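Q: Make a model of this:
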Amino acid sequence: MLLLPPIPILPILSAILSSNDKEFARLLCDRDKGALAEFQELYCDELYYIASKFCNRGIPADAWEYRTKKGYTIHVSDDVSDTYLWLVKITRNKSCHYRGDKGATFSTYIKSALNSEYTFKDWLKWKTGVTGYIPKCVDVLGNLHKDVYKLLRQTKPEDEICRKLGIELSDYHEVYLDIESALIHSNQLDLLNKPKFISIDLSDEEGSPGIELSGSEHLDPQEQLDFDIIKDILEHVISRLAAEERRLLQLYWGAKLSVDKIFSVFSEKFKKYLNELELRQSQDIYRRVDLIVDKCMKEAEQDFPDEVADYNIDKNIMKTLLRRFLHDFEVASEKTTL
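A: Reported below is the predicted structural model:
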């Protein structure tokens, strides 16, 4: 009886899949209509997700709801639809560069290529006609604000910005607050340094179910979608707060100042905030923070009812998410503005 050596199944399957991927990429590169239709069928969730992420301007009034295959909701506006079609168009060009190097599948390659900073910059140039795009909410603030914004987008540190523009640090802080406030109100805070979520495991909180946000550069498309949904909720509820409420949370959770220190800062620099927040003594800050969390929870339940239910977000979870969001944004921007 002749014994044949074992057939290496995995390498053969890998070779077959690689061959199929290369053929699929070639057909897309050649603008084959059948391959293009199949691509949209396979990757429609990812395309809508990336398009929504690029447009990231809150929920426009004219948006309609797109349900992903896993049941998640993406709000699609005309801008998102246009961006979706643009992504399909550039997919053809990017497919021409697929080689399957280091065993990378076409799926991994195209998702990484489309959901990248380089593609975002190309989209921004296509959308605005320029790479140095300045949002309207910042443009109306004046030339100094625009100059500071441009340098912030280049991730320049505050001392270098002051030196380049010949302004005092105190003036820079005022301008930064104006820019930050304008971006928050227009749901465009991501245009500044993005907060880096290191890991939020709420299963350790008292009776809280597990929700975890991790560094976005390591997430697969579904995890990234979860990450962005939670982040969108947080940015939205924060944008609905009054200026004094945002400032209180920034100092309390972002800068991690004690209530005594916050009360002292408000007494010296923001006296009107004491009256608006009804703060008579430092201990009143605990009560006010709790009321602000209630307000954020109410906004989330009103504007994101499905998402709040899907992620089991209650007041305790909202409090934890806000704390980490504000702290991580403070760390990412490496500043504390008093």
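
Q: all strands of the stretch 1-150 of the chain, in order?
A: Along the stretch 1-150 of the chain, counting by DSSP state E, counting those that start in this stretch, strands occupy 64-67, 73-76.

Q: Can you report phi and psi for Ala242?
A: Dihedral pair for Ala242: phi -70, psi 160, per degrees, to the nearest 10.

Q: Quick one: residues contacting it.
A: Shown in contact with Ala242 (C-beta atoms under 8 Å, 6 or more residues apart in numbering): Glu276. Using the backbone N, CA and C atoms, a C-beta is placed for each residue, glycine as well.

Q: What separation is there between it and His236?
A: 15 Å (C-beta to C-beta, to the nearest Å).

Q: Low-confidence stretches in this protein?
A: Within the chain, the segments meeting pLDDT under 70 span 1-19, 56-63, 70, 102, 128-133, 186-226, 328-338.

Q: Using a markdown table, please lay out the strands of the stretch 1-150 of the chain together with mean neighbour count and distance to Gly100.
A: Converted to a markdown table, the strands of the stretch 1-150 of the chain look like this (neighbours: other C-beta atoms under 10 Å; distance: least, C-beta to C-beta, whole Å):
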| stretch | mean neighbour count | distance to Gly100 |
| --- | --- | --- |
| strand 64-67 | 13 | 31 |
| strand 73-76 | 18 | 30 |
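
Q: Can you lay out those as JSON lines showing distance to Gln250?
A: Output for these, formatted as JSON lines (distance: least, C-beta to C-beta, whole Å):
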{"stretch": "strand 64-67", "distance to Gln250": "32"}
{"stretch": "strand 73-76", "distance to Gln250": "27"}
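
Q: hey, where'd the strands end up in the stretch 151-300 of the chain?
A: So, for the stretch 151-300 of the chain - with DSSP E, counting those that start in this stretch - the strands run 199-201, 212-214.

Q: returning to that earlier point: wait, which of the strands of the stretch 1-150 of the chain is closest to Gln154?
A: Among the strands of the stretch 1-150 of the chain, strand 73-76 comes nearest to Gln154, with 30.6 Å by C-beta to C-beta.

Q: Output the contacting helices and strands for that closest one.
A: helix 33-55, strand 64-67 (3 or more C-beta pairs under 8 Å, 6 or more residues apart in numbering; DSSP states H and E).

Q: closest to Glu268 out of the ones you listed?
A: With C-beta to C-beta, the closest approach to Glu268 among those belongs to helix 33-55: 40.8 Å.

Q: how about that closest one as PDB, C-alpha atoms only?
A: Provided in PDB are the C-alpha atoms of helix 33-55 (Å, rounded to 0.1, in the frame of the first residue of the first chain):
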ATOM      1  CA  LYS A  33     -19.500  46.100 -13.100                       C
ATOM      2  CA  GLY A  34     -20.200  42.700 -11.600                       C
ATOM      3  CA  ALA A  35     -17.200  43.000  -9.200                       C
ATOM      4  CA  LEU A  36     -18.200  46.500  -8.300                       C
ATOM      5  CA  ALA A  37     -21.700  45.400  -7.400                       C
ATOM      6  CA  GLU A  38     -20.300  42.500  -5.400                       C
ATOM      7  CA  PHE A  39     -18.000  44.900  -3.600                       C
ATOM      8  CA  GLN A  40     -20.800  47.200  -2.500                       C
ATOM      9  CA  GLU A  41     -22.900  44.200  -1.400                       C
ATOM     10  CA  LEU A  42     -20.000  42.900   0.700                       C
ATOM     11  CA  TYR A  43     -18.700  46.200   2.200                       C
ATOM     12  CA  CYS A  44     -21.800  48.400   2.300                       C
ATOM     13  CA  ASP A  45     -21.700  48.600   6.100                       C
ATOM     14  CA  GLU A  46     -18.000  49.600   6.200                       C
ATOM     15  CA  LEU A  47     -18.500  52.100   3.400                       C
ATOM     16  CA  TYR A  48     -21.400  53.800   5.200                       C
ATOM     17  CA  TYR A  49     -19.500  53.700   8.500                       C
ATOM     18  CA  ILE A  50     -16.400  55.400   7.000                       C
ATOM     19  CA  ALA A  51     -18.500  57.900   5.100                       C
ATOM     20  CA  SER A  52     -20.400  58.800   8.300                       C
ATOM     21  CA  LYS A  53     -17.100  59.100  10.200                       C
ATOM     22  CA  PHE A  54     -15.600  61.400   7.600                       C
ATOM     23  CA  CYS A  55     -18.700  63.600   7.500                       C
END
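
Q: what's next to it, contact-wise?
A: Contacts of helix 33-55 (C-beta under 8 Å, 6+ apart): 24, 27-28, 66, 68-70, 74-77, 79-81, 83-84, 86-88, 91-92, 110-111, 114-115, 120, 123, 221, 224-225, 228.

Q: Restricted to buried residues, select the residues you listed in ChimeraX.
A: In ChimeraX, a selection of the buried entries from the contacts of helix 33-55 looks like this (16 or more other C-beta atoms under 10 Å):
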select :24,27,28,66,68,74,75,76,77,79,80,81,83,84,86,87,88,91,92,110,111,114,115,123,221,224,225,228
